[in-house]
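Undergrad: Got a predicted structure here, sequence first:
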Amino acid sequence: MPITFVPSSSLLNMLSGPLAAPDFTNAWGKGFVQGVNLAGRTTAPSTSGLGDIWGFPSVTAAQEVRANPTSPFTIAVVSDSASDTSAGTGCQLLYVYYLDSLYNPYVAVYAMNGQTAVTSAVAVNAIQPNGGTTVYAGSGAVTNAIRINGLEVYTAGSGYANAGNIYCTASTGQSYTGGVPQVPGLVYDFMYSGDSVDATSAFTVPNGYAMIVVQFIYGAAATAGTPAYGRFRLASTSGNNLIYRGFDTSLSSNEINIVPEVKPVFAAMTDLRAQCQVSAALEVTCNNLGLMWSISA
């Protein structure tokens, strides 16, 4: 996918074609620019090479680099806690933000059923390019997903959050033990227990949209007094390492906060992922901030 740039002095002075600046100006003026938070965390980051910042390797190290689907699949959601049910103390209803086979954005609502995988959504809504308004598109199994862009607890019981780890996976070819998927390559999103939002830093720009990344924040927590070192990057299918920074610290925590002088802008259907490599077992987090708008809004 192509990558273009915006001078730091002006978000409007784009170099991505004759329509880009008018599109952004129009969308900004109408309030149709949407914030995108490419946030993730992992308590089991890769020590052998650059691995994705997402939660699933905390359960199994078999997929340090998260796989993207190569063909449409049917969404399934499941928890490793029996309390995440439609009438339980944990997550009751779950939002799944996904792109269909044409990379159009949708959000589906699932009623959780604990350690039993759920494939039928109680509602599916198309996300419109006008500030986030959704349009009801039906219910039932989502069979044409090509990317998962996020998970969010919609309603919860007395625990006020998800009681267990929640997984979003392809239904076909998957199996489960105690609510834990046994085929790592078919898991596309993950939520730590108690977090209420997913821990997966990957994001794909929807069809008909563009996105600018304006800030990169990475953090690593180590044992106090124990030297730790590592590296971070935000990678994309455009082939560019958009930010690449290392750290070397003996502190109990370290944070890198960067506002880039040259701000990358991504075309529709660009895949993004935050990655890291560390010297020892740490907890790594990222919070990369972007602005996304419809190129026709």
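TA: That came in fine, so what should we check first?
Undergrad: Quick check: chain neighbours aside, which residue is closest to S46?
TA: Using CB to CB, 6 or more residues apart in numbering and skipping residues adjacent in sequence, the residue nearest S46 is E64, 4.5 Å away. Using the backbone N, CA and C atoms, a C-beta is placed for each residue, glycine as well.
Undergrad: wait, that neighbour sits on I53?
TA: No: using CB atoms under 8 Å, E64 is not in contact with I53, being 10.1 Å away.
Undergrad: Comparing the two, which residue is more hemmed in?
TA: Counting neighbours by other CB atoms under 10 Å for E64 and for I53 shows that I53 has the greater number, 29 against 22.
Undergrad: hmm, back to that, how near is the residue nearest to S46 to Q275?
TA: 9 Å (CB to CB, to the nearest Å).
Undergrad: Kindly report the same for G178.
TA: 29 Å.
Undergrad: Compare these two (neighbour count), which wins?
TA: Set G178 next to Q275 and count neighbours by other CB under 10 Å: Q275 wins out with 27 against 11.
Undergrad: residue contacts, the more buried one?
TA: By CB atoms under 8 Å, 6 or more residues apart in numbering, the contact set of Q275 is 50-53, 65, 232-235.
Undergrad: can you do 7 Å?
TA: 50-53, 233, 235 (CB atoms under 7 Å, 6 or more residues apart in numbering).
Undergrad: hmm, back to that, any residues in contact with both of E64 and Q275?
TA: Counting by CB under 7 Å, 6+ apart, the residues touching both E64 and Q275 are 51-52.
Undergrad: hmm, back to that, can you pick the most crowded of the contacts of Q275?
TA: Going by other CB under 10 Å, I53 tops the contacts of Q275 with 29 neighbours.
Undergrad: Mind pulling up the pLDDT for that residue?
TA: Looking at I53, its pLDDT reads 91.
Undergrad: So it sits against C286, correct?
TA: Yes: applying CB atoms under 7 Å, one finds I53 in contact with C286, separated by 5.0 Å.
Undergrad: what is the rounded mean pLDDT of stretch 144-152?
TA: The model assigns stretch 144-152 a mean pLDDT of 97.
Undergrad: Need the contact partners of that stretch.
TA: 68-69, 72-73, 75, 94-101, 103, 166, 168, 188-189, 191, 196-198, 203-204.
Undergrad: got it, and stretch 163-171?
TA: Contacts of stretch 163-171 (CB under 7 Å, 6+ apart): 59, 73-81, 83-84, 89-91, 94, 96, 117, 119, 148, 151, 179, 181, 186-193.
Undergrad: Which element, helix or strand, includes A210?
TA: Following DSSP states H and E, one finds A210 within strand 209-221.
Undergrad: Now the helix or strand immediately after that strand in the chain: buried residues?
TA: With elements assigned by DSSP H and E, the helix or strand that comes after strand 209-221 is strand 228-236. Neighbour counts over strand 228-236 (16 or more other CB atoms under 10 Å) mark 228-236 as buried.
Undergrad: Stretch 274-283 too?
TA: Neighbour-count burial for stretch 274-283 [16+ other CB under 10 Å]: 274-279, 282-283.
Undergrad: Stretch 120-134 now?
TA: For stretch 120-134, by 16+ other CB under 10 Å, it's 121, 123-125, 127, 129.
Undergrad: That one: how far from the chain's middle?
TA: 17 Å (CA atoms, centre = their mean, to the nearest Å).
Undergrad: repeat for stretch 145-159
TA: The mean C-alpha position of stretch 145-159 is separated from the chain mean by 11 Å, CA atoms, centre = their mean.
Undergrad: if we can go back for a sec, out of the contacts of Q275, the closest to A161 would be?
TA: I53 (20.9 Å; CB to CB).
Undergrad: just to revisit the earlier point, just the buried residues of the contacts of stretch 163-171.
TA: When those are checked for burial by 16+ other CB under 10 Å, the buried set is 59, 73-81, 83-84, 89-91, 94, 96, 117, 119, 148, 151, 179, 181, 186-193.
Undergrad: Inside strands: which ones of these?
TA: 75-79, 91, 94, 96, 148, 151, 181, 187-191 (DSSP state E).
Undergrad: and which of those residues is nearest G40?
TA: F190 (9.4 Å).
Undergrad: quick check: domain ranges of the protein?
TA: Domains of the chain are assigned by automatic domain parsing as 3-55+203-294, 67-191.
Undergrad: lowest-confidence stretch among the ones you listed?
TA: Looking at these, the bottom one is domain 3-55+203-294 with a mean of 74.
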